[in-house]
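Chemist: Provide a 3D model corresponding to the input given below.
(chains A and B)
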Amino acid sequence: MKEKYLEELEILLSQYDISKEEKDDILADYGEMIDDAISKNLSDKKIIEMIGSPKTVVKDLKEGFKEKEEDGYYYHDGVVTVKGRGRHGKHRDNRVVALMPFISVITFFVLGFWLQAWHPGWMVFLSIPVVAILINVFERGKSEGLVALSPFIAVVTYLILGFVAELWHPSWLIFLIIPVFGIISGKKKMSFIPFLTALSPFIAITTFILVGTYVGYWHIAWLVFLLIPMIGILNNKVVWKRWVLELSFVLAIAAYLYLGLQFDEWLYSLFAFLIPAGVSLLLSEAEFKITINQNKPVWILSLLCTLVYIGFGLWFSSTWAYLWMIFLTIPVFTILKYSDEKNKLVAVMPFISVVIFFSLGHFFGYWAFSWLAFLLIPMVAIIRNA
Amino acid sequence: MNSQFKKGIIEICVLKIMEDNDLCGFDVIERLSKEVPVNENTIYPLLRRLTQQGFFETYKVPSPVGAPKKYYKITDFGTERLGENLKEWKLFIKGVFKILEGDGSL
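Modeler: Numbering: from 1, shown residues only, chains lettered A, B, ... in the order given. The predicted structure follows:
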């Protein structure tokens, strides 16, 4: 219970502008309080009642940080320091954010009436949440700002590639930058192999789609998903086990390709994968241990999405064109799990808009006005900030 | 009860129970929650804030069973603050009782 509690608390604290010393201090304090509570034979439920769940703890601590940040004063170990631009700077910034809807409307009409660029001129409305993020989130750090901005970078890139180059597929892959940026921003806490393991599903999905789309080798390209367990194995602490398992995978891949390419027996060649399955069982590695606990749900979701996408694609063949939207559940899940309660709706709006935009266009042919769905993004941002 | 008002009272209580004893975080939560109906999980953040404001200082004591334990000790600044707060509180509560018990002069 203690490990899980502290792990969750650490993840939540990482989202705020707290020094490493302060974070470690808070974690040590909670670790100590849990030890004290356990030594008094309190149940897990009672302990949580007394010290609070990680979410409520961070909520209470966060209130303190927020107040200090607004005043431009930071307290640390009894020392008061003044940081940032203080009240006046903040007010000026807020004025810019408040003015953005008007600036966007004016720009939109100028582009429309003057240059007849109604489309893609409507994209100026996306500048409303982007400016708010640039002003408010980048103050907390470059990597956090980049994570917050990534949905908009993804949407704009997706639209540009779609409208200009007709690359709606596979440019949707750009949405995977959102969880990837999230993982990269948390890299400080990870060593290299867990970091690579966390990235492996996204590397695999991207490679699979690109190779499948442009080379057409879908049935061979799926092998790239084996990168995920093969990188996962590198987390195994026993070196010889690591090598034996890796070797079993290499042998299986070689056998699969040989049987498939030589005899065109792709189905039977799948039996080659009984080698790593058997070796894993023999070494009591029935499940590949992924040490990146905090990313495990994302990892599982990625795997499920891939299975559904490939399964439906192979079964119905017509679903390749639109079922890619299922991959949007990965960044949406990441956002819902890790972002502030207040910002969740604003943060997931780019994905809801993409689904509405693409569905109206693909299923009903309403491309001419389905882009209006993207106006939902600034609208929701304005309503939330009002 | 207004939460800001309650926070202020709890702050006085935390300062008071630490006046004569140095306590660790868990002991503060236990002591306070035994006497006052308080949301226990708000005590640590409060303790932390008061420490950061200089009302408490901390020191560690080696523990035979695990990591050293952190104890909170009230500072002179904290004692001074407690004195001021108590004075204000007593004056306030005196006025409240005067009204509630129906002082004839009102």
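Chemist: now what about the particular helix or strand that has A:W315 in it, what contacts it?
Modeler: Using DSSP states H and E, A:W315 sits in helix A:296-316. By Cβ atoms under 8 Å, 6 or more residues apart in numbering or on different chains, the residues outside helix A:296-316 that reach it are A:179, A:198, A:201-202, A:204-205, A:208, A:222, A:225, A:228, A:290, A:292, A:319-320, A:323-324, A:326-327, A:329-330, A:333-334, A:337. For every residue, glycine as well, the C-beta is placed using N, CA and C.
Chemist: which of those residues are buried?
Modeler: The neighbour-count test (16 or more other Cβ atoms under 10 Å in any protein chain shown) marks A:179, A:198, A:201-202, A:204-205, A:208, A:222, A:225, A:228, A:290, A:292, A:319-320, A:323-324, A:326-327, A:329-330, A:333-334 as buried among the contacts of helix A:296-316.
Chemist: can you narrow those to ones near chain B?
Modeler: Subset of those in contact with chain B: empty, counting by Cβ under 8 Å from any Cβ of the partner chain.
Chemist: So which of the residues you listed belong to strands?
Modeler: Judged by DSSP state E, the buried ones among the contacts of helix A:296-316 include no members of strands.
Chemist: Mind checking which of these are in helices?
Modeler: Residues of these located in helices (DSSP state H): A:179, A:198, A:201-202, A:204-205, A:208, A:228, A:329-330, A:333-334.
Chemist: got the residue ranges for the strands in the chain?
Modeler: Let's take chain A. Using DSSP E, strands in chain A cover A:73-76, A:79-82.
Chemist: Correction: the question concerned chain B.
Modeler: Secondary structure of chain B by DSSP E: the strands cover B:23-24, B:56-61, B:69-74.
Chemist: how far away is the closest residue to A:L199 other than its chain neighbours from chain B?
Modeler: Counting by Cβ to Cβ, 6 or more residues apart in numbering or on different chains, A:L199 lies nearest to A:I183, which is 5.9 Å off, once chain neighbours are set aside. Look at A:I183 and chain B: by Cβ to the nearest Cβ, to the nearest Å, they are 30 Å apart.
Chemist: so A:I183 makes contact with A:P201?
Modeler: No: contact between A:I183 and A:P201 fails when scored by Cβ atoms under 8 Å: they sit 10.1 Å apart.
Chemist: can you list the ones in helices among the buried ones among the contacts of helix A:296-316 in TSV and add pLDDT?
Modeler: As requested, these are exported to TSV (pLDDT from 0 to 100):
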residue	pLDDT
A:P179	73
A:A198	74
A:P201	77
A:F202	79
A:A204	81
A:I205	79
A:F208	82
A:I228	77
A:T329	82
A:I330	77
A:F333	79
A:T334	70
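Chemist: what about the residue lying closest to B:K60 once chain neighbours are set aside, distance to A:I34?
Modeler: Take B:K60 and drop its neighbours on the chain: the residue closest to it by Cβ to Cβ, 6+ apart is B:P68, 4.0 Å away. Distance, B:P68 to A:I34, by Cβ to Cβ, to the nearest Å: 15 Å.
Chemist: Comparing the two, which residue is more hemmed in?
Modeler: A count of neighbours by other Cβ atoms under 10 Å in any protein chain shown puts A:I34 above the other of B:P68 and A:I34, at 22 against 12.
Chemist: Report pLDDT for the more buried one.
Modeler: If you check A:I34, the pLDDT there is 83.
Chemist: Ok, A:E166 next?
Modeler: 82.
Chemist: for A:I292, same thing?
Modeler: 45.
Chemist: same question, A:G112
Modeler: pLDDT for A:G112: 82.
Chemist: Give me the neighbour count for residue 35.
Modeler: Reading this off chain A. Applying other Cβ under 10 Å, we find 17 residues neighbouring A:D35.
Chemist: try again with chain B
Modeler: Residues near B:E35, counting by other Cβ under 10 Å: 9.
Chemist: Find the residue closest to it in space, skipping its chain neighbours.
Modeler: Closest to B:E35 by Cβ to Cβ, 6+ apart is B:C13, at 7.7 Å.
Chemist: Mind telling me which residue of chain B is nearest chain A?
Modeler: B:N41 (2.6 Å; Cβ to the nearest Cβ).
Chemist: which residues touch that residue?
Modeler: With Cβ under 8 Å, 6+ apart, B:N41 has these contacts: A:49-53, A:56-57, A:60.
Chemist: of all those residues, which two lie farthest apart?
Modeler: A:E49 and A:D60 (14.5 Å; Cβ to Cβ).
Chemist: So if I had to pick from those two, which one is more boxed in?
Modeler: Higher neighbour count among A:E49 and A:D60: A:D60, with 19 against 16, using other Cβ under 10 Å.
Chemist: That one reaches B:P45, doesn't it?
Modeler: Yes: under the criterion of Cβ under 8 Å, A:D60 makes contact with B:P45 at 4.0 Å.
Chemist: what's the neighbour count on residue 47?
Modeler: Chain wasn't specified; assuming chain A. 20.
Chemist: Sorry, I should have been clearer: chain B.
Modeler: There are 23 residues near B:L47, going by other Cβ under 10 Å.
Chemist: Get me the contact residues on chain B for chain A.
Modeler: Chain B comes close to chain A at residues B:24-27, B:29-30, B:33, B:40-42, B:44-45, B:48-49, B:51-54, B:57, B:65-67, B:69-70, as judged by Cβ under 8 Å from any Cβ.
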